[in-house]
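1. any chance you can model this:
(chains A and B)
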Number of protein chains: 2
Amino acid sequence: MMTLAGKRLRPALLLMGYELFADHLERALPAAWAVELFHNFTLMHDDIMDAAPLRRGQPTVHAKWSQTTGILSGDVMLIHAYRHLASVSPVDIVPELIQTFNRVAIEVCEGQQYDMDFETRTDVSLTEYIRMIELKTAVLLGGALEMGALCAQTKQADARNLYHFGRLAGIAFQIQDDLLDTYGDPAKFGKQVGGDILQNKKTFLVLKTLEVAPEAERQALATWMQTDSVHLGEAKIKAVRALFDRNGIPALVAQEKERFQKEAFTHLAAVQVPEERKVLLRNVVEELLVRDY
Amino acid sequence: MMTLAGKRLRPALLLMGYELFADHLERALPAAWAVELFHNFTLMHDDIMDAAPLRRGQPTVHAKWSQTTGILSGDVMLIHAYRHLASVSPVDIVPELIQTFNRVAIEVCEGQQYDMDFETRTDVSLTEYIRMIELKTAVLLGGALEMGALCAQTKQADARNLYHFGRLAGIAFQIQDDLLDTYGDPAKFGKQVGGDILQNKKTFLVLKTLEVAPEAERQALATWMQTDSVHLGEAKIKAVRALFDRNGIPALVAQEKERFQKEAFTHLAAVQVPEERKVLLRNVVEELLVRDY
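-> Numbering: from 1, shown residues only, chains lettered A, B, ... in the order given. Predicted structure coming up:
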């Protein structure tokens, strides 16, 4: 979930969403600040729940200062997000902007609760997993685009199409992230390839295997996932990757990713502005979704 | 800090602030919801920081479910507070309402951070303590009144006077709360009289003693506060109360309370509406501030 971090992707999407329809980009800046602050608020609180010592290579707030400071600093960042939203002009669009922001914000919190619940559950389905990544990550990408459209006071249908474009592309991105964690090029992937396997994470690859592989293979995977990995390292990564390969999992997962990706771009195509205005946004999202694996 | 809880005091203040200036009380209801939700959000997060097992006699959210649920439920309550604020009409007042709410909300978070810091500090001054209770509790009472005035679209001077009325009355209330915890009538006080002494809390009484009492008395108090109290019970309460009495602390603290209370009511007097409109608000606040001790 971290590879989108630190790149200001959400405010960038919001500004690109605005620019599809209107000039005077500065009008969308307060809302762009709000989504970036909100994203960082979620990271700060998530790090407490995950008891994470590091974020982007730096000590997390709760680890460096205290849990109190982590909770309260997150709370204050969320409050500041609304400070920016309340400063958008014209004032008529503030309520709708806040309602959109809130709808997405609540969903992100729900997604985090699912993610935490999934850690201890053993019966997570692929459908539930997709719903979790949709809520935890994808709706905010869609919401950022939608809010950009709202700042430009565009038609509601365009705002909704942009929302679905971001949401579906976000799901595709998270599926790709799971693929890259196991099959990425170590030279290009920011984290340790195989990290999810070592941490026994219930990724899309694992859940797909549990859905489609024969009983013996599912048993084998379950056994690996109950194995303490610290001293196994590369051997465990290699074995689990071989198990995925034998069962054709990478291709199946890539298909799912492409399904969401394709659906995403139908929504971008439906947005009622000349195609040349969409070039930047399309290129940026395509760039995010075309990774080697 | 708990005696104000569960009484809907903050929304009641907001509605009374509105009624000073305008009819159609329903216009102020969304803002009243917002302050009540905000207050409960702070309680939920404070309980995590305090590792409190109970609130109003019921298990706290984090104790009953999980820390994750406590953090996220609080976050979502805060988001819902803004949902109500964004629904206030006319829309022109929404930004100012949110800026006022935010100013106070951030101060409340700061007050909680001070309160947590004070637990481990040994050099807290009375001035710092007053600032802490002002931020943690009093500004929200003032803010609720101010927001009521904003909903009624009254003059800024009136809104500011109401804010200071609530803020100063809130400080007086918290000082009184410290007095009652040690000197209250057990039949009327909702909690165990002497609880602060048993918990070695750095109350207004303690800090006043450390400010005015002779060296030997200050030493004696410090020794009591390092004493594990569980098995001492009533004996410790009696001894520390006697120490306060010898040094004239209750009268000094009551003087401080009355100073804030008196200043509070000068601000209510300055509000430019006929005195008969202020009767309900004055009576409610006087009632809160006239307790037996």
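
2. C-alpha only now, for contacts and for neighbours.
-> OK.

3. which parts of the stretch 1-150 of chain A sit against chain B?
-> Applying Cα under 8 Å from any Cα of the partner chain, we find that the stretch 1-150 of chain A lies next to chain B at A:45, A:49, A:67-69, A:71-72, A:75-76, A:79-80, A:82-83, A:86-87, A:91-92, A:94-95, A:98-99, A:102, A:105-106, A:109-110, A:113, A:116.

4. now these: which count as buried?
-> A:45, A:49, A:67-69, A:71-72, A:75-76, A:79-80, A:82-83, A:86-87, A:94-95, A:98-99, A:102, A:105-106, A:109-110, A:113, A:116 (16 or more other Cα atoms under 10 Å in any protein chain shown).

5. for residue A:153, phi and psi?
-> phi 50, psi 50 (degrees, to the nearest 10).

6. what's the answer for residue A:54, then?
-> Per-residue torsions, residue A:54: phi -130, psi 150 (degrees, to the nearest 10).

7. for residue A:59, same thing?
-> phi -60, psi 140.

8. ok, the closest residue to it other than its chain neighbours - contacts?
-> Nearest residue to residue A:59 in three dimensions, chain neighbours excluded: residue A:53, at 5.8 Å (Cα to Cα, 6 or more residues apart in numbering or on different chains). Applying Cα atoms under 8 Å, 6 or more residues apart in numbering or on different chains, we find residue A:53 in contact with A:47, A:59, A:60, A:63.

9. in helices only, show me the buried ones among the residues of the stretch 1-150 of chain A next to chain B.
-> Taking DSSP state H as the definition of helices, those contribute A:45, A:49, A:67-69, A:71-72, A:75-76, A:79-80, A:82-83, A:86, A:94-95, A:98-99, A:102, A:105-106, A:109-110, A:113, A:116.

10. in the stretch 151-293 of chain A, mark out all the helices, start to finish.
-> Counting by DSSP state H, counting those that start in this stretch, the stretch 151-293 of chain A has helices at residues A:156-183, A:195-198, A:204-212, A:215-225, A:234-246, A:249-270, A:279-289.

11. would you mark the buried spots in stretch A:209-223?
-> In stretch A:209-223, counting by 16+ other Cα under 10 Å, buried: A:209, A:210, A:213, A:217, A:218, A:221.

12. give the buried residues for stretch A:241-250.
-> Buried, per 16+ other Cα under 10 Å, within stretch A:241-250: A:241, A:243, A:244, A:247, A:249, A:250.

13. next: stretch A:153-170.
-> Neighbour-count burial for stretch A:153-170, with 16+ other Cα under 10 Å as criterion, is recorded at A:154, A:158-170.

14. can you redo these as TSV with distance to chain B and pLDDT?
-> Listed next are the buried residues of stretch A:153-170 as TSV, based on distance: Cα to the nearest Cα, whole Å; pLDDT from 0 to 100:
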residue	distance to chain B	pLDDT
A:154	19	97
A:158	23	98
A:159	20	98
A:160	20	98
A:161	24	98
A:162	23	98
A:163	20	98
A:164	22	98
A:165	25	98
A:166	22	98
A:167	21	98
A:168	24	98
A:169	25	98
A:170	22	98
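
15. show me the shaky parts of chain A.
-> Scanning chain A for pLDDT under 70 picks out the ranges A:1-6, A:229-230, A:291-293.

16. and the residue nearest to residue A:114 when sequence neighbours are not counted, how far from residue A:256?
-> Computed as Cα to Cα, 6+ apart, the closest residue to residue A:114 that is not its neighbour in sequence is residue A:132, at 6.1 Å. To residue A:256, residue A:132 is 16 Å away according to Cα to Cα, to the nearest Å.

17. more crowded one of the two?
-> residue A:132 (22 against 17; other Cα atoms under 10 Å in any protein chain shown).

18. packing partners of the helix or strand containing that one?
-> Under the criterion of DSSP states H and E, residue A:132 resides in helix A:126-133. The contact analysis (3 or more Cα pairs under 8 Å, 6 or more residues apart in numbering or on different chains; DSSP states H and E) places helix A:126-133 against helix A:94-120, helix A:156-183, helix A:204-212.

19. of these, which is nearest residue A:282?
-> Closest approach to residue A:282 among the helices and strands packed on helix A:126-133 is made by helix A:156-183 (10.2 Å; Cα to Cα).

20. relative to helix A:249-270, how tilted is that closest one?
-> Put simply, helix A:156-183 runs at 160 degrees to helix A:249-270, going by axes from the mean of the first three to the mean of the last three Cα atoms, to 10 degrees.

21. and helix A:156-183, what does it pack against?
-> Using 3+ Cα pairs under 8 Å, 6+ apart: helix A:156-183 touches helix A:126-133, helix A:139-151, helix A:195-198, helix A:204-212, helix A:249-270, helix A:279-289.

22. so which of those helices is the most packed in?
-> helix A:139-151 (a mean of 29; mean count of other Cα atoms under 10 Å in any protein chain shown).

23. tell me the helices and strands packed up against that one.
-> Applying 3+ Cα pairs under 8 Å, 6+ apart, one finds that helix A:139-151 contacts helix A:9-19, helix A:29-49, helix A:94-120, helix A:156-183.

24. what's next to that helix, contact-wise?
-> A:10-11, A:13-21, A:27-28, A:31-32, A:35, A:88, A:93, A:96-97, A:100-101, A:104-105, A:107-108, A:158-160, A:162-168, A:170.

25. just the CA trace of that helix, in PDB.
-> Output in PDB follows, covering the C-alpha atoms of helix A:139-151 (Å, rounded to 0.1, in the frame of the first residue of the first chain):
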ATOM      1  CA  VAL A 139     -12.100   5.500  -3.700                       C
ATOM      2  CA  LEU A 140      -9.800   8.300  -2.600                       C
ATOM      3  CA  LEU A 141      -8.100   8.400  -6.100                       C
ATOM      4  CA  GLY A 142     -11.600   8.500  -7.600                       C
ATOM      5  CA  GLY A 143     -12.700  11.100  -5.100                       C
ATOM      6  CA  ALA A 144      -9.800  13.300  -5.800                       C
ATOM      7  CA  LEU A 145     -10.700  13.400  -9.500                       C
ATOM      8  CA  GLU A 146     -14.400  14.000  -8.700                       C
ATOM      9  CA  MET A 147     -13.500  16.900  -6.400                       C
ATOM     10  CA  GLY A 148     -11.400  18.400  -9.100                       C
ATOM     11  CA  ALA A 149     -14.400  18.300 -11.400                       C
ATOM     12  CA  LEU A 150     -16.600  19.800  -8.700                       C
ATOM     13  CA  CYS A 151     -14.100  22.700  -8.200                       C
END
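
26. what's the angle between it and helix A:156-183?
-> 150 degrees.

27. could you give the angle of helix A:139-151 to helix A:9-19?
-> Using the same axes, to 10 degrees: helix A:139-151 against helix A:9-19 is 30 degrees.

28. my guess is residue A:28 meets residue A:17, correct?
-> No: judged on Cα atoms under 8 Å, residue A:28 makes no contact with residue A:17 at a distance of 9.4 Å.

29. still on that earlier bit, so which of the helices and strands packed on helix A:156-183 gets nearest residue A:237?
-> Taking these one by one with Cα to Cα, helix A:195-198 is closest: 6.1 Å.

30. how about the CA coordinates for that closest one, as PDB?
-> Provided in PDB are the C-alpha atoms of helix A:195-198 (Å, rounded to 0.1, in the frame of the first residue of the first chain):
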ATOM      1  CA  GLY A 195       8.200  -9.100   1.100                       C
ATOM      2  CA  ASP A 196       4.500 -10.000   1.000                       C
ATOM      3  CA  ILE A 197       5.400 -13.700   1.000                       C
ATOM      4  CA  LEU A 198       7.700 -13.300   3.900                       C
END
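
31. ok now that helix, how far from the chain's centre?
-> Counting by Cα atoms, centre = their mean, to the nearest Å, helix A:195-198 is centred 19 Å from the centre of its parent chain.

32. with stretch A:21-41 instead?
-> Stretch A:21-41 sits 18 Å away from the centroid of its parent chain (Cα atoms, centre = their mean).

33. equivalent analysis for stretch A:203-220, please.
-> Using Cα atoms, centre = their mean, the offset of stretch A:203-220 from its chain centre is 24 Å.

34. how about stretch A:192-201?
-> Worked out by Cα atoms, centre = their mean, stretch A:192-201 lies 18 Å from the chain centre.
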